[in-house]
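S.K.: This is a predicted model, with the sequence first.
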Amino acid sequence: MSRFESLARDKITVIEEIASSQDILKALVHNEDNFLDKEDVDVDSVMYKHIFPYRFIPKTSEQMKTYITISFGRYKNVEGSFKSGIVKFNVFTHQDLFRTDYGTLRTDYIIMKLDELFNKNKKLGIGKAEFYDMDELSVNTDYHGSYVSYKTYDFN
């Protein structure tokens, strides 16, 4: 098996875990302040529209949306397979969509849910995930948010 084959599988595993959270999907798709009260979201409607398994920057003229982009980097080869690295989530939204009815910004809400997934679920398929860092993120004049990254160990 190629060393990169396991990395590709790990990306899919992370995406599937995010896609299993209706709270995250609703925050991505429904632009209203009370997005949790809206209908459930079909997973197929968010891939490559709101969730990108690579870095993505929307144009400023596009429809207002919220995004999660995922990148995997800084991997170290241990005994012939990738065993440690950084998983980075960029969470950003159009500046007019930050407000929610839940006492937090939309991007902060999504990051809290992502953190719950990584801290609670040890079966993500990417081994142990440990909080690494977080900071603000400005993508362009209309889209802002934060990134959060996790250091991973012992890829399966």
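M.R.: All right, it came through fine.

S.K.: Can you tell me the SS state at the nearest residue to Tyr143 once chain neighbours are set aside?
M.R.: Using C-beta to C-beta, 6 or more residues apart in numbering and skipping the chain neighbours, the partner closest in space to Tyr143 is Phe92 (4.9 Å). Backbone N, C-alpha and C define where each C-beta goes, glycine included. Recorded secondary structure, Phe92: strand (DSSP: H, G, I helix; E, B strand; the rest coil).

S.K.: Phe92: what's it in contact with?
M.R.: 66-67, 107, 137, 139, 143-146 (C-beta atoms under 8 Å, 6 or more residues apart in numbering).

S.K.: Pull out the buried positions in the top helix by length along the chain.
M.R.: The helix spanning the most residues in the chain, taking DSSP state H as the definition, is helix 3-19. Using 16 or more other C-beta atoms under 10 Å as the burial criterion, the residues of helix 3-19 that qualify are 6-7, 10-11, 14-15, 17-19.

S.K.: cool, stretch 25-38 as well?
M.R.: 25-31, 35.

S.K.: I'd like the mean pLDDT over it, please.
M.R.: The average pLDDT for stretch 25-38 rounds to 97.

S.K.: Over to stretch 58-71?
M.R.: 83.

S.K.: Next, the buried residues of that stretch.
M.R.: 58, 65-71.

S.K.: Output it as PDB, restricted to C-alpha atoms.
M.R.: C-alpha atoms of stretch 58-71 as PDB (Å, rounded to 0.1, in the frame of the first residue of the first chain):
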ATOM      1  CA  PRO A  58     -14.800  32.100  -2.700                       C
ATOM      2  CA  LYS A  59     -15.100  35.100  -4.900                       C
ATOM      3  CA  THR A  60     -16.500  38.200  -3.300                       C
ATOM      4  CA  SER A  61     -19.400  38.400  -5.800                       C
ATOM      5  CA  GLU A  62     -20.800  34.900  -5.000                       C
ATOM      6  CA  GLN A  63     -23.900  34.200  -3.000                       C
ATOM      7  CA  MET A  64     -23.400  34.600   0.800                       C
ATOM      8  CA  LYS A  65     -22.300  31.200   2.200                       C
ATOM      9  CA  THR A  66     -20.400  29.600   5.100                       C
ATOM     10  CA  TYR A  67     -17.500  27.200   4.400                       C
ATOM     11  CA  ILE A  68     -15.200  24.600   6.000                       C
ATOM     12  CA  THR A  69     -12.000  23.800   4.200                       C
ATOM     13  CA  ILE A  70      -9.700  21.000   5.300                       C
ATOM     14  CA  SER A  71      -6.000  20.700   4.800                       C
END
